[in-house]
Structures are given as structure tokens and as C-alpha cells.
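S.K.: take a look and give me a structure for this.
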Amino acid sequence: MKLTFLGTGTSQGVPVIGCRCEVCRSRDARDMRLRTSAFVEVEGRAIVIDAGPDFRQQMLRADIRHLDAILLTHQHKDHTAGIDDVRAFNFVDFPTIHPMHIFGNEATIETITKDFDYAFARDKYRGVPVIELHTVSHEEPFEVAGVEVV
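M.R.: Okay, here's the model as predicted:
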């Protein structure tokens, strides 16, 4: 298993807009942190944990060209706001369309369904993200792309 931290910042990222503290004013690259996310490669599978507003930038920066699934830890926007950008993975070898499998607890799946309602509409426009939602319990192991997650 290989784990790559894509972001280790706060819910606002670091530096925080308008903040004048020492860290936020730092020019040290280690103080320029995107919102929390991680990339897991295991058994030939590619899984991202959390897809916040920095998701697109994180995928580009890490040169991630394929994803099997996204695991969402909870429904806050700093963990879900980047979901619209999964469409790049859906259509990476168009005309084949690869649905993005997204896993989360019941509250998180409810939020995704509400916030990205256009992805689940009966009459979808061309290019809308193709998403398959999977409700899981964080209290029990579950399977993602053939990999057990505890």
C-alpha cells in the first residue's frame, strides 16, 4: 500500500485568506497546505479520501490520471466541494464513461445528493458528473473496488 498526502491543511487551507500570523505569512513551501485529502494505492486500485475544494488542484499536482473510488469521511464542504471535478475521470477515455464510485455514511450521501442534484437528475445535461453513490457505515468494514476498508 502506498499513501500520498494530497493536503494536510485546515478546512480553509494554509495560508488562510487575510490571516497575518507567522505561518500564513511564511514563504516556506511546507506552510502552503491544501485542504485535507489522501491518495491510496493498494492492490492496483486508486482511491482518494476526501474531495474538497482543492480536489482538482490536488489531482493535477499529484499527476493522478485514474481513480477507482472516493471515500468521504463526512459531509462538510472542505471534504466534498470538489465532487463536480470527478467528471474528468468519467470521460478520460471517452466515449467510454467510467462512473465514479463515491462512498460515505448516510448523512454524507444525503448531502452529496442534495448539493450535486444535477448529477442525479432524470434529464442530465451532457458532461454532468457520472456518480455511483454507496452508503456505508464507518462502524463496519466495507469493500471498495475489491479492497477491504476498515
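
S.K.: measure stretch 96-107 end to end?
M.R.: 31 Å (Cα to Cα, to the nearest Å).

S.K.: er, stretch 113-129 I mean
M.R.: 12 Å.

S.K.: same question for stretch 80-92.
M.R.: When the termini of stretch 80-92 are compared using Cα to Cα, they are 21 Å apart.

S.K.: what residues of it count as buried?
M.R.: Under the neighbour-count criterion of 16 or more other Cβ atoms under 10 Å, stretch 80-92 has Thr80, Ala81, Gly82, Ile83, Asp84, Asp85, Val86, Arg87, Ala88, Phe89, Asn90 buried. Just so you know, the C-beta spots here come from the backbone N, C-alpha and C atoms, and that holds for glycine as well.

S.K.: same thing with stretch 114-126?
M.R.: Along stretch 114-126, these residues count as buried under the neighbour rule (16+ other Cβ under 10 Å): Phe116, Ala119.

S.K.: and it, what's its mean pLDDT?
M.R.: Averaging pLDDT along stretch 114-126 gives 94.

S.K.: same question for stretch 31-38.
M.R.: 95.

S.K.: list the buried residues in that stretch.
M.R.: Arg33, Leu34, Arg35, Thr36, Ser37, Ala38.

S.K.: what do you get for stretch 133-145?
M.R.: The neighbour-count check on stretch 133-145 (16+ other Cβ under 10 Å) flags Leu133, Val136, Val144, Ala145 as buried.

S.K.: how about that stretch as PDB, C-alpha atoms only?
M.R.: The C-alpha trace of stretch 133-145 is given here as PDB (Å, rounded to 0.1, in the frame of the first residue of the first chain):
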ATOM      1  CA  LEU A 133     -23.100   6.500  -4.500                       C
ATOM      2  CA  HIS A 134     -22.500   3.800  -1.900                       C
ATOM      3  CA  THR A 135     -23.800   4.200   1.600                       C
ATOM      4  CA  VAL A 136     -21.500   2.600   4.200                       C
ATOM      5  CA  SER A 137     -21.300   2.500   7.900                       C
ATOM      6  CA  HIS A 138     -18.000   3.700   9.400                       C
ATOM      7  CA  GLU A 139     -18.500   1.200  12.200                       C
ATOM      8  CA  GLU A 140     -18.200  -1.900   9.900                       C
ATOM      9  CA  PRO A 141     -15.700  -2.900   7.200                       C
ATOM     10  CA  PHE A 142     -16.800  -2.400   3.600                       C
ATOM     11  CA  GLU A 143     -15.300  -3.100   0.200                       C
ATOM     12  CA  VAL A 144     -14.100  -0.500  -2.300                       C
ATOM     13  CA  ALA A 145     -13.000  -1.700  -5.700                       C
END
